[in-house]
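> here you go, sequence then predicted model.
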Amino acid sequence: MSFFSELISTVFDRRYQKALSEEVEDRDTTALCNALLSSHGDVSGVTLARHILDRYEQMSIEEKLAFFDFMTVELEINSDDVITALNAFEAKPGKDTYRAFANAAEPRRQELARRLNQVTGATGKLVAMRKDLLDMMRTRPDLAPLDIDFQHLFSSWFNRGFLVLRPINWQSPAEILEKIIAYEAVHAIDSWDDLRRRLKPSDRRCFGFFHPSMADEPLIFVEVALTKGVPNSVQGLLADDRKAIEAEDADTAVFYSISNCQAGLAGISFGNSLIKQVVSDLSKDLPGLITFVTLSPIPGLNRWLRKTGIDTSLIDDHQAYAAHYLLEAKRSDGMPNDPVARFHLGNGAMIHAVHANADTSDNGRKQSSGTMVNYLYDVSLISHHHEMFVGEQVVAASDAVKALSATVATNLAGEHQ
């Protein structure tokens, strides 16, 4: 009987779904959203959600903007309801009054996003939707409340517990490899041969975080070089004619490129967890590794020098100015000016060494006159460095880097006397 019951139910669901699909064709998108929010049936909810997402993908920029306006304004919280619910909770704390307050304090657009997400493949579509929103917010900052709600939901949906760390190598599916080429944001991959040189040799590794709902879309990936000693040039790491070593002979793992792949997940942090997980996995697989460092760009250096009134073409010692910038250039909140520095220092790394002529590419010259930096991840000190940086804004650095910075501080002091 259960077999025939399920069969009848399936036939009914399909007929109902077809009838509902025909019914919604003549209704506008906002009406469909309101219907989805009031729907209590699984079949009708999935059908409505699918129609809304399909329609969104076909919208013009103006239509998408109108859709975001609807979500921001029409699906906002009612402040009077929030105050009433809060007063009721304070007067009589309990499960029911707390639930009423929580419901009143949550914008309906959050529930709309959750219901849209019940469709297969919807998570990726909602990430793409937020990318559109971020683009529009450059001229429409009033849409920020909607973005806050997207961030709130995505921080839960893309929690570390849901992410899967996968190695990416030359045997990975072609569609994944194509995306690695497309998403590489630090050192461009200019050909399949270039990609093969980064993935196939025994002393190269690549790892990415994936989400079960976006299984073929990397969220972030890191490229790793296994070396003897700490490198001082990305050209050496990526040279066509370099001689590979056996992984077991390496004593250093170098994170030379970390790329976020999904613009719609901006502000959702994966890098911290990624690096720590990769350090842990590599340590288990290759016990000979004793040093974990990055070879990182300094994207804000030349921009800061120009703003400070220093002519980059007249600088003889770019290492010293880079060290001074990384240690002393701060934002109004006291955090380092450089975004890459904030990322690694916030993860518990320390500034280990600065290298001139380390990235001679056009982009490297433009950003920092070719200067790069090693951030060291000392497993025994990561937690300490993280706490000092987050709690007291202390930038951990080697004595050599501090000495370099001090020479610039002395020179600048002399110029102002």
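Noted; the coordinates are in hand.

> chain center to stretch 382-399: distance?
22 Å (C-alpha atoms, centre = their mean, to the nearest Å).

> ok, now stretch 322-329?
On C-alpha atoms, centre = their mean, the centre of stretch 322-329 falls 25 Å from the chain's centre.

> could you do stretch 316-325 as well?
Per C-alpha atoms, centre = their mean, the centroid offset for stretch 316-325 relative to its chain is 29 Å.

> equivalent analysis for stretch 198-215, please.
With C-alpha atoms, centre = their mean, you get 16 Å for stretch 198-215.

> in that stretch, which residues are buried?
198-199, 201, 203-211, 213-214 (16 or more other C-beta atoms under 10 Å). Where C-beta positions appear, they are placed from N, C-alpha and C, glycine not excepted.

> next up, phi/psi of the residue lying closest to Leu238 once chain neighbours are set aside, please.
Among residues not flanking Leu238 along the chain, His187 sits closest, at 6.6 Å (C-beta to C-beta, 6 or more residues apart in numbering). Backbone torsions for His187, taken as degrees, to the nearest 10, come to phi -120, psi 100.

> same question, Thr227
phi -140, psi 170.

> same check on the one 3 residues further on?
The phi/psi pair for Val230 (degrees, to the nearest 10) reads phi -90, psi 120.

> same question for Ser296.
Per degrees, to the nearest 10, the backbone of Ser296 is at phi -110, psi 150.

> Asp193: neighbour count?
By other C-beta atoms under 10 Å, the residues close to Asp193 number 9.

> so how far is Gly288 from it?
Separation of Asp193 from Gly288 (C-beta to C-beta, to the nearest Å): 29 Å.

> count the residues that sit near the nearest residue to Ala88 once chain neighbours are set aside.
Distances taken as C-beta to C-beta, 6+ apart put Thr97 closest to Ala88, at 5.0 Å, once the chain neighbours are dropped. Counted by other C-beta under 10 Å, the residues lying close to Thr97 total 17.

> and Thr97, what does it touch?
The neighbours of Thr97, taking C-beta atoms under 8 Å, 6 or more residues apart in numbering as the test, are 85, 88-89, 91.

> could you redo the last one with a cut-off of 10 Å?
Counting by C-beta atoms under 10 Å, 6 or more residues apart in numbering, Thr97 touches 85-91.

> in the buried residues of stretch 198-215, find the pair that's most separated.
The span of the buried residues of stretch 198-215, defined through C-beta to C-beta, is set by Asp203 and Ser213 at 33.8 Å.

> excluding covalently adjacent residues, which one is nearest to Arg115?
Leu36 (5.2 Å).

> what's the helix or strand for the one you found?
Leu36 is part of helix 29-38, with elements assigned from DSSP states H and E.

> ditto for Ser155
Element membership for Ser155 (DSSP H and E) is helix 144-157.

> one more: Tyr56?
Going by DSSP H and E, Tyr56 is in helix 42-58.

> pull the CA atoms of that helix into PDB?
C-alpha atoms of helix 42-58 as PDB (Å, rounded to 0.1, in the frame of the first residue of the first chain):
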ATOM      1  CA  ASP A  42       6.300  22.100   0.100                       C
ATOM      2  CA  VAL A  43       5.200  21.600  -3.500                       C
ATOM      3  CA  SER A  44       3.800  25.100  -3.900                       C
ATOM      4  CA  GLY A  45       6.800  26.600  -2.100                       C
ATOM      5  CA  VAL A  46       9.300  25.000  -4.400                       C
ATOM      6  CA  THR A  47       7.400  25.900  -7.500                       C
ATOM      7  CA  LEU A  48       7.100  29.500  -6.500                       C
ATOM      8  CA  ALA A  49      10.700  29.700  -5.500                       C
ATOM      9  CA  ARG A  50      11.900  28.300  -8.800                       C
ATOM     10  CA  HIS A  51       9.800  30.800 -10.700                       C
ATOM     11  CA  ILE A  52      11.100  33.700  -8.800                       C
ATOM     12  CA  LEU A  53      14.800  32.600  -9.200                       C
ATOM     13  CA  ASP A  54      14.200  31.900 -12.900                       C
ATOM     14  CA  ARG A  55      12.600  35.300 -13.400                       C
ATOM     15  CA  TYR A  56      15.400  37.100 -11.500                       C
ATOM     16  CA  GLU A  57      18.000  35.600 -13.900                       C
ATOM     17  CA  GLN A  58      16.200  37.100 -16.900                       C
END
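
> give me the angle between that helix and helix 29-38.
Interaxial angle of helix 42-58 relative to helix 29-38 (axes from the mean of the first three to the mean of the last three C-alpha atoms, to 10 degrees): 150 degrees.

> report the buried residues of helix 42-58.
Judged by neighbour count using 16+ other C-beta under 10 Å, the buried positions of helix 42-58 are 44-53, 56.

> what about the strands in the protein?
164-167, 204-210, 220-227, 252-260, 291-294, 296-297, 350-355, 372-376 (DSSP state E).

> kindly reformat those strands as JSON lines containing distance to Gly271.
What follows is the strands of the chain, written out as JSON lines (distance: least, C-beta to C-beta, whole Å):
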{"stretch": "strand 164-167", "distance to Gly271": "13"}
{"stretch": "strand 204-210", "distance to Gly271": "9"}
{"stretch": "strand 220-227", "distance to Gly271": "6"}
{"stretch": "strand 252-260", "distance to Gly271": "6"}
{"stretch": "strand 291-294", "distance to Gly271": "11"}
{"stretch": "strand 296-297", "distance to Gly271": "12"}
{"stretch": "strand 350-355", "distance to Gly271": "17"}
{"stretch": "strand 372-376", "distance to Gly271": "12"}
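
> among these, which is nearest Asp26?
Of all these, strand 204-210 comes closest under C-beta to C-beta, at 39.5 Å.

> elements contacting that closest one?
strand 164-167, helix 174-183, helix 192-199, strand 220-227, strand 252-260, helix 271-285 (3 or more C-beta pairs under 10 Å, 6 or more residues apart in numbering; DSSP states H and E).

> wait, which of these is closest to Gly121?
Across those, closest to Gly121 is helix 174-183 (C-beta to C-beta), at 15.2 Å.

> which other residues reach the closest one?
Here helix 174-183 has contacts from 166, 168-173, 188-192, 194-196, 198-199, 206, 208, 210, 215-221, 223, 259-262, using C-beta under 10 Å, 6+ apart.

> from those, which would you call buried?
Buried among the contacts of helix 174-183 by 16+ other C-beta under 10 Å: 166, 168, 172, 189, 194-195, 198-199, 206, 208, 210, 217-221, 223, 259-262.
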